[in-house]
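Enquirer: Predicted structure and sequence below. I'll ask about it afterward.
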Amino acid sequence: MALRWVPLTATMALMWLADALVATVIRVNDDVVAAPMIGAFYAQIVVAAVATAWAPWNAAARVLIGTALMAYSTACLFVVGQRDGGGDAGFVFGGAMIGQWIIYQIPLWIARVQGWRLSMEHQVVGGTDRSESQFGIRHILIWTAIVGVFLAVVRAVSPALSEVESVGGRQEIFLFTLMTLGNSLLVLPLMWGAFVRRNMPQWLAGGILWAGLVTVVQVWLVSRGPGQPHFIVLINIVQVVAAGLVLLMLRLPGYRIGHHSQSPASPFDE
């Protein structure tokens, strides 16, 4: 059983080491390198968000560990962005990490309040496959509708932004909004699908198609406003692949999402 933790432990240790190296030693001066690096950072924020809301620990441990993971990754990306990205790149991409982590908390905590959380597979006794799928799909659709409203606002202002490159920081605001909202939607189905008890391949396939759709929308928005479409595509590919692999490694020891009808009175009680 202990061997099942080796891939996850080794992968996360390498990612955190890479964070420290790019923040202190390695220079990032090329978009082809910068975009995948940002995608890897954004994948780490997915893990931090899951740990904060769904990990089978008491609330203090979840919040402390999840926040620490988020703060560490964000600090490293901020340092790299300010040093190598020019302008306010650190604030834009680092701030988007914090924004994504906050946004993830909303659907994840709603799920937890309603009794859904991670447990070892043999401990998952509540709920059914059908209720698991129905809740996951409904949850994703509702959250998509909410974020879609904000993306509609981005679309409305993007033509004007394309004419005023970065006057008054408008380009930075556009990119921050696009990365925060768009990339928070990118992996939402994978966050649920990686831990379902059955039909995982279908969830993962749907999650990949979903990520492709979100990326197409982001590219379309960027092509109408400031930004580089290929940069967004590279970020998203790495974020989806890295986040998906790490979440599946977390599944390997036996963690599954399940409905616990005997939940504590408050989701903060455990």
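Expert: Good, I have the coordinates.
Enquirer: And the helices in this structure, which stretches?
Expert: Remark: helices assigned in the chain by DSSP state H are 6-24, 31-54, 59-80, 89-113, 129-163, 170-177, 183-186, 188-193, 200-224, 229-251.
Enquirer: Contact partners for Thr24?
Expert: Val79 (CB atoms under 8 Å, 6 or more residues apart in numbering). Heads up, the C-betas are built off the backbone N, CA and C, glycines and all.
Enquirer: that older thread, would you turn the helices of the chain into CSV with mean pLDDT and distance to Ser119?
Expert: Output for the helices of the chain, formatted as CSV (pLDDT from 0 to 100; distance: least, CB to CB, whole Å):
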stretch, mean pLDDT, distance to Ser119
helix 6-24, 90, 17
helix 31-54, 91, 10
helix 59-80, 93, 14
helix 89-113, 91, 12
helix 129-163, 57, 13
helix 170-177, 81, 36
helix 183-186, 90, 25
helix 188-193, 87, 15
helix 200-224, 87, 16
helix 229-251, 93, 12
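Enquirer: Just send the ones you listed back as CSV, with distance to Met120 too.
Expert: Output for the helices of the chain, formatted as CSV (distance: least, CB to CB, whole Å):
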stretch, distance to Met120
helix 6-24, 14
helix 31-54, 13
helix 59-80, 16
helix 89-113, 17
helix 129-163, 16
helix 170-177, 39
helix 183-186, 28
helix 188-193, 18
helix 200-224, 16
helix 229-251, 11
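Enquirer: so which of those gets nearest Gly258?
Expert: Gly258 lies closest to helix 129-163 among those, at 7.8 Å (CB to CB).
Enquirer: From Leu17, how far off is the nearest residue to Gln82 once chain neighbours are set aside?
Expert: Leaving aside its sequence neighbours, Gln82 sits nearest to Gly90 (CB to CB, 6 or more residues apart in numbering; 3.5 Å). To Leu17, Gly90 is 21 Å away according to CB to CB, to the nearest Å.
Enquirer: Please say which of these two ends up with more neighbours.
Expert: Gly90 (20 against 10; other CB atoms under 10 Å).
Enquirer: And the more buried one, how far from Asn236?
Expert: 20 Å.
Enquirer: Check Trp5 too.
Expert: In terms of CB to CB, Trp5 sits 29 Å off from Asn236.
Enquirer: neighbour-wise, which of the two wins?
Expert: Shown here are Trp5 and Asn236; by other CB under 10 Å, Asn236 has more neighbours (25 against 13).
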